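Peer 1: Structure of the sequence below:
(2 chains)
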Amino acid sequence: MATIQVRNRLRHSEPVVGATLRLTRPGLAQPVTATTSTNGTATLQTTGLADGSYALSVTPVNTSAEPVGPAIAPAAATDRIFRSLSIDVTVTGGIISAASVTPGQSANGTVALTTGQALAVTLQPVWMRSPNERSRGLAITGVIVHHTGVAAIGPVLETFLSDTTSAHYVVDTDGQIVKMVEDSRRASHAGVAKWNEDANVNSRTIGIEIVNETGPYPSAQMDAVLALLTRIRAAFPTVVPWNVVAHSDVGTNESGRLGRKSGDPGSRFEWTRVESLGLGMLPSTTPIAPTLYGSFFTQFPNESLRQNDSDATRVFGGTVRGGIAGNIIRELQTDLRSIGYSLGTVDGDFGEKTRLAVHMLQEHFFAGGRGHKAPDGRLDRQTATLVKAVVLAKVESQAIV
Amino acid sequence: MMWRRIFLALVVVMVAVTAFRYLRQPGGSSEPPSSTVPAPASAPSPPAPTASAESVQQGLSTATHEAELVLEALQTRNMAALAAHVHPVKGLRFSPYIHVDPKRSVVLQPRELSTALEDPKPRMWGSEDGTGDPIVRSFASYFARFVYDRNFLAASERRVNQFGGKSTSKPNVREIYPDATVIEAHVPGTKPEYGGLDWASLLLVFERYESRWYLVALVHDQWTI
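Peer 2: Just a heads-up that it's a prediction; the model follows:
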């Protein structure tokens, strides 16, 4: 006899109930089967089996081999979907004497032979329903990328299962993805936010939480994020490439001021790789004329437009400069708004909201090895060129009519 | 005279122990930045047996000691006692999360605080993390969820002017209160399944006014999405 315990790989306290265990080998007249009980255990009758190698399959009630994404579409009553797992076992003297995950199956779960010759099996979840969701009421037009700020996925899943927050997808450090809210439903991830002057960010977007405390994103994890974005884009043509942005790009306070989520997902997220998919805020490759913003940067190439600059007072770069033509702060504010940033009224005054919009744009574009300088909310020549390049790209793609 | 000196020495030792408890926290800074915050008049080390009544009084009015009294008032839900520590001009600002909205957050004056727990009037305190839903609660309900949702008086960790960085929300207390002394009472997570993510902190923000530290903000901190 062999006792098998089957649990959720990412939530060890959770038994996998009703999973079918099937032990076979070529020439065995009848497979040995069992079903896990309410505590996730089952007993396989291995007594009397001939010594040798066997294949043990573990198949949960709800299983899917699909890549995690929109294709994982659970029925209303389905709270969990797991991968199925194949295990190679050795039977000696009627007990299981050795067990290992079948090659190529390691993403689907784990197995360990415990004392007393019991098997501890875990299955990789691909769907764990969060109760923290509601009706969208609006079409999906974007994706918000977050990081968790903590290193382990378990506590995040636990929080999304119980608290008030949630995301549609959680991407683990090894590239495994767990879906927690159906794409058609609204998850609670963005909080108070604004993008394109629209405060319905939760209703319009899919939320992706990436398990990352700090530091670089492992390549397997980044690859998984890119693959997920590709699947989302394919499933939802209404997703506008420009609207694949960071939580830092959209998170505001109640007053509409950006900065609440500064650093999320942080300076190590590789936006260039997202852009390689044609998603995200894509700068145009068309050269930008150096005469941008009233030729401020051709006249003062080492200066920056900054907070308290104003079209009305003609203070640019912290100094009254009568030689600058036009309302260049209004022009900057119009550009930032057309990209999508929340900065309130276009009033020609480089105030706090404008500074924060510039800061968030710098966080986004100077992340992931595309570094220029630490974000400071000042519009230097490179940042200004970047702003114009993104606006131009939107015009070129006819996103701005 | 002898008894008076012994009494004063005992009081000074008490203040020193209180201050030392804060200053020796692991990873905690010992003092607020001297460029922005006047050094608290406490931290008398070693206690001077001949300290004057004035210096003892000065020591008792440090921000760290005020924090202890504020936490006691919160623990006992004694709003009248709390009101006595609130800035008489600025009042007391409440923030449910560590990113404070200086324009929309609720500020109560000392006289309003005294009866706040009995006031059933719902107020808009901010927005829920994740959902973005407005936090509309009575004072008592808000107090239970976003002020004193842990026993912060017994918090195992206290830090001075060192806070934030434990969630993905950007702290901005220092932007709003550049000269403040901020005492953080931190309660680590307890439920194993949350792996520490169920921690909570209460930030007590003090500003100096007429030679005394007054409470100007109570900022709740927790993990946010």
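Peer 1: all contacts plus neighbour counts: C-alpha atoms, from now on.
Peer 2: Will do.
Peer 1: need the strands for chain B, in chain order.
Peer 2: B:92-95, B:106-108, B:123-127, B:134-137, B:157-160, B:181-187, B:200-209, B:212-222 (DSSP state E).
Peer 1: The shortest one near chain A anywhere?
Peer 2: Just to be clear, that refers to strand B:106-108. No - on the criterion C-alpha under 8 Å from any C-alpha of the partner chain, strand B:106-108 is out of touch with chain A, staying 12.0 Å away.
Peer 1: Show the residue spans covered by the helices in chain B.
Peer 2: Ranges of helices in chain B, per DSSP state H, are B:2-23, B:53-60, B:63-75, B:79-83, B:110-113, B:139-142, B:173-176.
Peer 1: List of residues touching the last one?
Peer 2: Helix B:173-176 is contacted by residues B:98-100, B:102, B:180 when judged by C-alpha atoms under 8 Å, 6 or more residues apart in numbering or on different chains.
Peer 1: again with the fourth one
Peer 2: Outside helix B:79-83, the residues within contact range by C-alpha under 8 Å, 6+ apart are B:70, B:73-74, B:109-111, B:113-117.
Peer 1: what's the closest of these to chain A?
Peer 2: residue B:109 (21.8 Å; C-alpha to the nearest C-alpha).
Peer 1: Neighbours of that closest one, how many?
Peer 2: 17 (other C-alpha atoms under 10 Å in any protein chain shown).
Peer 1: is it true that residue A:385 lies in a helix?
Peer 2: Yes - applying DSSP: H, G, I helix; E, B strand; the rest coil, one finds residue A:385 inside a helix.
Peer 1: now it: how far from residue A:283?
Peer 2: 10 Å (C-alpha to C-alpha, to the nearest Å).
Peer 1: ditto for residue A:382
Peer 2: Using C-alpha to C-alpha, residue A:382 is found at 12 Å from residue A:283.
Peer 1: between the two, which one's more packed in?
Peer 2: residue A:283 (18 against 14).
Peer 1: how about the residue nearest the centre of chain A, phi and psi?
Peer 2: With distances taken as C-alpha atoms, centre = their mean, the residue of chain A nearest its centroid is residue A:208 (2.7 Å). The phi/psi pair for residue A:208 (degrees, to the nearest 10) reads phi -120, psi 120.
Peer 1: on that earlier part again, which one of the strands of chain B has the lowest average pLDDT?
Peer 2: Mean pLDDT is lowest for strand B:157-160 out of those, coming in at a mean of 91.
Peer 1: Just the C-alphas of that strand, formatted as PDB.
Peer 2: Output in PDB follows, covering the C-alpha atoms of strand B:157-160 (Å, rounded to 0.1, in the frame of the first residue of the first chain):
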ATOM      1  CA  GLU B 157       9.600  47.400  16.700                       C
ATOM      2  CA  ARG B 158       9.900  51.200  17.000                       C
ATOM      3  CA  ARG B 159      11.800  53.300  14.600                       C
ATOM      4  CA  VAL B 160      12.600  57.000  14.600                       C
END
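Peer 1: helices or strands up against it?
Peer 2: Where contact means 3 or more C-alpha pairs under 8 Å, 6 or more residues apart in numbering or on different chains; DSSP states H and E, strand B:157-160 is packed against helix B:2-23, strand B:181-187.
Peer 1: Who does that strand pair with, and is each partner parallel or antiparallel?
Peer 2: Counting by DSSP bridges, the strands paired with strand B:157-160 are strand B:181-187 (antiparallel).
Peer 1: what's the angle from the strand it pairs with to strand B:212-222?
Peer 2: 40 degrees (axes from the mean of the first three to the mean of the last three C-alpha atoms, to 10 degrees).
Peer 1: between strand B:181-187 and strand B:200-209, how many degrees?
Peer 2: Going by the same axes, to 10 degrees, strand B:181-187 makes 160 degrees with strand B:200-209.
Peer 1: which residues sit against strand B:181-187?
Peer 2: B:32, B:37, B:63-64, B:67, B:150-153, B:155-163, B:199-207.
Peer 1: try it again with 6 Å
Peer 2: Strand B:181-187 is contacted from outside by B:152, B:155, B:157-161, B:199-206, using C-alpha atoms under 6 Å, 6 or more residues apart in numbering or on different chains.
Peer 1: among the residues you listed, which two are most distant?
Peer 2: B:199 and B:206 (22.8 Å; C-alpha to C-alpha).
Peer 1: ok, now how distant is the closest residue to residue B:205 other than its chain neighbours from chain A?
Peer 2: For residue B:205, ignoring the flanking residues on the chain, the nearest one in space by C-alpha to C-alpha, 6 or more residues apart in numbering or on different chains is residue B:182 at 4.5 Å. Using C-alpha to the nearest C-alpha, to the nearest Å, residue B:182 is found at 20 Å from chain A.
Peer 1: and residue B:182, how many neighbours does it have?
Peer 2: Number of residues near residue B:182 (other C-alpha under 10 Å) recorded here: 28.
Peer 1: That one and residue A:299, how far apart?
Peer 2: Counting by C-alpha to C-alpha, the gap from residue B:182 to residue A:299 is 45 Å.
Peer 1: One more: residue A:88?
Peer 2: In terms of C-alpha to C-alpha, residue A:88 sits 72 Å off from residue A:299.
Peer 1: ok, these two, which is more surrounded?
Peer 2: residue A:88 (17 against 12).
Peer 1: Residue A:100 is in contact with the more buried one, correct?
Peer 2: Yes - here residue A:88 reaches residue A:100: they are 5.3 Å apart, a contact under C-alpha atoms under 6 Å.
Peer 1: quick one, what contacts the residue of chain A most remote from its centre?
Peer 2: Computed with C-alpha atoms, centre = their mean, the residue of chain A farthest from its C-alpha average is residue A:48, at 50.0 Å. Contacts for residue A:48 (C-alpha under 6 Å, 6+ apart) come out as residue A:94.
Peer 1: If we use 8 Å, what do you get?
Peer 2: A:93-94.
Peer 1: Would you agree residue A:58 falls within a strand?
Peer 2: Yes - assigned with three-state DSSP, residue A:58 falls within a strand.
Peer 1: Give the burial count for it, as a bare number.
Peer 2: 25.
Peer 1: and the stretch 1-150 of chain A, which residues reach chain B?
Peer 2: Checking the stretch 1-150 of chain A against chain B by C-alpha under 8 Å from any C-alpha, the hits are A:146-149.
Peer 1: The closest residue to chain B within chain A: neighbour count?
Peer 2: Residue of chain A nearest chain B, by C-alpha to the nearest C-alpha: residue A:191 (3.9 Å). Residues lying near residue A:191 (other C-alpha under 10 Å) number 29.
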